[in-house]
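K.L.:
this one's sequence-less:
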C-alpha cells in the first residue's frame with residue numbers, strides 16, 4: 001500500500017509561516033508513514049504593494065497550488081497567518097475558488113490540520129484557526145487538532161506560540177521575532193502526530 005500524500009499548503013508574507021512549515025514537514029518525514037509536499041497559495045497583492053511591505057511573498061522556491069489540485073492529496077496541513085484574528089485574504093481567495101470541488105464532494109473524508117502565525121500572543125493564535133475550520137466543514141474535511149500532545153504547550157516560562165488547535169509562532173509587531181526553538185518543536189510534534197492519524201485512517 002502506498003503512503004498517504006500530505007500537502008503542506010501555506011501563505012507566508014515575511015517567512016514566519018514558511019519556517020514553521022519546515023518544522024511541520026520534519027515531523028511528517030520523521031513519522032515515516034506519509035509523503036509530504038510543500039505548496040503556497042497564490043499571492044493576490046500587486047508587486048508594488050508587496051515591495052513597500054518588504055514582503056517575501058510569493059516565495060520563489062515553493063510551487064503555487066491550484067485549488068483544483070487539492071483533490072490529489074489525502075490530507076493537508078494549512079499554514080495560515082492571521083489578519084485581525086482570522087485567515088489572510090489570500091487564503092480566503094484560494095478557498096473561494098474551490099466551488100467545483102465542493103459541488104462534487106471531491107474533498108469529503110480527507111484530513112486537515114492548521115498552524116498559524118500572529119503578531120503577538122494575543123493576536124489570534126486560536127481564533128485564526130477557529131475561523132478557518134468552516135472551510136473544512138463545508139467540504140466535509142475532517143479537522144485534526146494538535147491537542148496537548150506536545151508538553152511545551154504547558155510551558156509558561158516564556159511567550160510561546162501554538163495551542164491545542166495547532167502549532168503557531170509569534171512574529172512581533174514589526175515581524176522581527178523569528179520562530180523559537182520551542183515553537184518549532186511544537187510544529188515537529190504536530191507533523192509527526194498528524195502523520196500517525198492520517199496513516200491510521202489510510203490503513204482502515
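P.N.:
Yep, it's here. Note that the structure is predicted; figures quoted are calculated from it, not measured. Numbering: from 1, shown residues only.

K.L.:
going along the chain, name the helices of this structure.
P.N.:
For the chain, the helices defined by DSSP state H cover 16-31, 47-52, 89-96, 99-104, 127-130, 133-139, 181-203.

K.L.:
which elements pack onto the last one?
P.N.:
Helices and strands touching helix 181-203, as assessed by 3 or more C-beta pairs under 8 Å, 6 or more residues apart in numbering; DSSP states H and E, comprise strand 5-10, helix 16-31, strand 75-83, strand 111-118, strand 168-170. Using the backbone N, CA and C atoms, a C-beta is placed for each residue, glycine as well.

K.L.:
so which of those gets nearest residue 147?
P.N.:
Closest approach to residue 147 among the helices and strands packed on helix 181-203 (C-beta to C-beta): strand 111-118, 10.6 Å.

K.L.:
list the buried residues in that closest one.
P.N.:
Neighbour-count burial for strand 111-118 flags 111-118 (criterion: 16 or more other C-beta atoms under 10 Å).

K.L.:
average pLDDT for stretch 14-25?
P.N.:
For stretch 14-25, the mean pLDDT works out to 97.

K.L.:
ok now that stretch, how far from the chain's centre?
P.N.:
Between the centre of stretch 14-25 and the centre of its chain there are 9 Å (C-alpha atoms, centre = their mean, to the nearest Å).

K.L.:
again with stretch 122-139
P.N.:
With C-alpha atoms, centre = their mean as the basis, stretch 122-139 stands 11 Å off its chain's centre.

K.L.:
repeat for stretch 77-85
P.N.:
8 Å.

K.L.:
residue 111 contacts residue 141, correct?
P.N.:
Yes. Proximity of residue 111 to residue 141 meets the contact threshold set by C-beta atoms under 8 Å, at 7.0 Å.

K.L.:
read off the pLDDT value for residue 1.
P.N.:
For residue 1, the pLDDT comes out at 68.

K.L.:
list just the nearest of the buried residues of strand 111-118 to residue 36.
P.N.:
Nearest to residue 36 out of these is residue 113 (C-beta to C-beta; 12.4 Å).

K.L.:
so what sits opposite the closest one in the bridge?
P.N.:
residue 77 (DSSP bridges).

K.L.:
ok, it touching residue 80?
P.N.:
No. If you go by C-beta under 8 Å, residue 113 and residue 80 don't touch, sitting 11.0 Å apart.

K.L.:
low-confidence ranges in the protein?
P.N.:
Under the criterion pLDDT under 70, the flagged ranges of the chain are 1, 204.

K.L.:
if you set the cut-off to 90 instead, what comes out?
P.N.:
Applying pLDDT under 90 to the chain flags residues 1-2, 173-175, 203-204.

K.L.:
just put the buried residues of strand 111-118 in CSV and tack on distance to residue 92.
P.N.:
CSV is the format used below for the buried residues of strand 111-118 (distance: C-beta to C-beta, whole Å):
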residue, distance to residue 92
111, 21
112, 16
113, 19
114, 14
115, 17
116, 14
117, 16
118, 17
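
K.L.:
okay then, goodbye and thanks.
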